[in-house]
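[1] fold the following and give me the result.
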Amino acid sequence: MDKETQEIIKERYAMLPEDIKKVISDADLPTKIENIANKNGLHIDQSGGLVTEVYLVMLGMEKSENFAKNVSKNLGISLNLAIAIEGGINKEIFLPIRESLMEMSKAQDIIEEKANSEDTTTSVDREQILNDIENPKPTPARAAITDPERELTERAATDDFIAEKLSAPSVPVTETPVAPEKKYTVDPYREPMN
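    Residues are numbered from 1 along each chain as shown. Here you go, the predicted model:
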């Protein structure tokens, strides 16, 4: 996760009402979500995606009305299954904090209207971010050194190092005396058969 996203999450968390902060920091929340995922036959990676979607709604980064559609799209499941999961999540997690979530959703609508009216180019496009993550751009090749004197100094230092290593004697080879071969009349690895 990049620093900008971490900062956005910290800011959102700081603005949350206390009841939502309590639910987010509750140690049982991931277990509750995992139980709902298991009841609906989701795989482990899909369970992680469900946890992410729940946190996005609770932080106010996604609208609760779009929860089923987002779950269906991002987990790769049918809309009917996503609606069933939404029912479980609503009952177990969202219902106790429903009023706070609705207020956050309204506030999010106001923020989005302001952002759309001011400048649409600065708004964060989720699809573009996901596309950039899935299809990273290759890093550019190292730029040419603009200081030729520095380049020559670096190259000479490298060449000297390589020349020194190549001219240095390798590990001295010592000849070990070879013992004369013994002639066996009986195979030493077999026991006598008497």
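[2] quick check: Ile83 vs Ala68, distance?
    5 Å (Cβ to Cβ, to the nearest Å). Placement of C-beta: from N, CA and C, glycine included.
[3] now do Ile110
    With distances taken as Cβ to Cβ, Ile110 is found 23 Å from Ala68.
[4] out of those two, which sits in the busier spot?
    Remark: of Ile110 and Ala68, Ala68 carries more neighbours, 21 against 9, as counted by other Cβ atoms under 10 Å.
[5] before we move on, what SS does that one have?
    With DSSP: H, G, I helix; E, B strand; the rest coil as the basis, the three-state label of Ala68 is helix.
[6] Met102 now?
    Applying three-state DSSP: Met102 is helix.
[7] any idea how many residues pack against it?
    Neighbour tally, Met102, other Cβ under 10 Å: 13.
[8] could you pull up the contacting residues of it?
    By Cβ atoms under 8 Å, 6 or more residues apart in numbering, the residues touching Met102 are Ser64.
[9] check what pLDDT it gets.
    On pLDDT, Met102 comes in at 72.
[10] any idea how far it is from Lys32?
    Counting by Cβ to Cβ, the gap from Met102 to Lys32 is 21 Å.
[11] count the neighbours of Lys73 for me.
    Lys73: 13 neighbours (other Cβ under 10 Å).
[12] tell me the secondary structure at it.
    Classified using three-state DSSP, Lys73 is helix.
[13] which residues does it contact?
    Here Lys73 is in contact with no residue (Cβ under 8 Å, 6+ apart).
[14] tell me where this protein has helices.
    3-15, 18-25, 29-39, 44-58, 67-75, 79-89, 98-118, 126-134, 148-167 (DSSP state H).
[15] worst average pLDDT in those helices?
    helix 148-167 (a mean of 67).
[16] hmm, Ser78 is touching Ala68, no?
    No: at 10.5 Å, Ser78 and Ala68 do not qualify as touching, with contact defined as Cβ atoms under 8 Å.
[17] kindly provide the distance from Asn131 to Glu86.
    According to Cβ to Cβ, Asn131 and Glu86 sit 26 Å apart.
[18] those two: which is more packed in?
    Neighbours per residue (other Cβ under 10 Å) separate Asn131 from Glu86, with Glu86 holding more: 21 against 11.
[19] list the contacts of Phe67.
    Taking Cβ under 8 Å, 6+ apart as the contact definition, Phe67 lies against Glu53, Val57, Glu86, Ile89.
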